[in-house]
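Undergrad: model the structure of this input:
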Amino acid sequence: RGTLDYVGANARVRARWDAGRFDLLHVHYGLTGLATLMIPSRCPMIFTFYGSDVNDSLQRTISVATARRAKCRIFVARRLADLWPDRRNVVIPNGVDFTVCAPRDRDAACRELHLNPAVPRILFGAPPNNPGKRYDLFRETVERVRRVFPTAAELIRIGAGGVISVT
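TA: Numbering: from 1, shown residues only. The predicted structure is shown next:
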């Protein structure tokens, strides 16, 4: 719901902290650090950074400020860790768990999604209105691909809530 909601979550996070017995706090995504400002400083924290939380200058500023007390900082790619070098950095690539997302029969998947299995497609797996995902760059790339592979006609976009649009 926006950056301010991270700050507003402090009371909820602290109440949850006080109600439980926790030894460690793992903060997923840099802005989420804003929701941990009321957690006691004796609590060891681990932060995981995924991309826009260190690529975007405002988010990086917030991430740096809130993750100063992190015992460990996990980055999903080396290039992200290199933006903020520190001995506490660890790189753990964020990949696909094929026990959850297993390849399956293409024709059956296309039928389930009401897509023609004979048509090649190009996927954009994020809401196009999210500036950090660079839909403009994706469209430019698609046009280049179409110059070489004119049959790559359909674009599939996955938006909020998993809504699929095909153009």
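Undergrad: point out where the chain drops to low pLDDT.
TA: By pLDDT under 70, the weakly predicted segments of the chain are 1, 152-153, 159-165, 167.
Undergrad: ranges for the strands of it?
TA: 25-28, 45-49, 70-75, 89-91, 121-124, 154-158, 164-166 (DSSP state E).
Undergrad: hey, C-alpha coordinates of the first one in CSV?
TA: Written as CSV, here are the backbone C-alpha positions of strand 25-28 (Å, rounded to 0.1, in the frame of the first residue of the first chain):
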residue,chain,number,x,y,z
LEU,A,25,14.2,-11.4,12.7
HIS,A,26,14.5,-12.0,9.0
VAL,A,27,13.5,-8.9,7.0
HIS,A,28,12.5,-9.7,3.4
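Undergrad: now do that strand: distance to the chain's middle.
TA: 14 Å (Cα atoms, centre = their mean, to the nearest Å).
Undergrad: repeat that for the longest one.
TA: Distance of strand 70-75 from the chain centroid (Cα atoms, centre = their mean) equals 16 Å.
Undergrad: test my guess that residue 25 contacts residue 35.
TA: No - contact criterion Cβ atoms under 8 Å: residue 25 and residue 35 do not qualify, at 10.2 Å. To be clear about C-beta, it is placed using only N, CA and C from the backbone, and glycine gets the same treatment.
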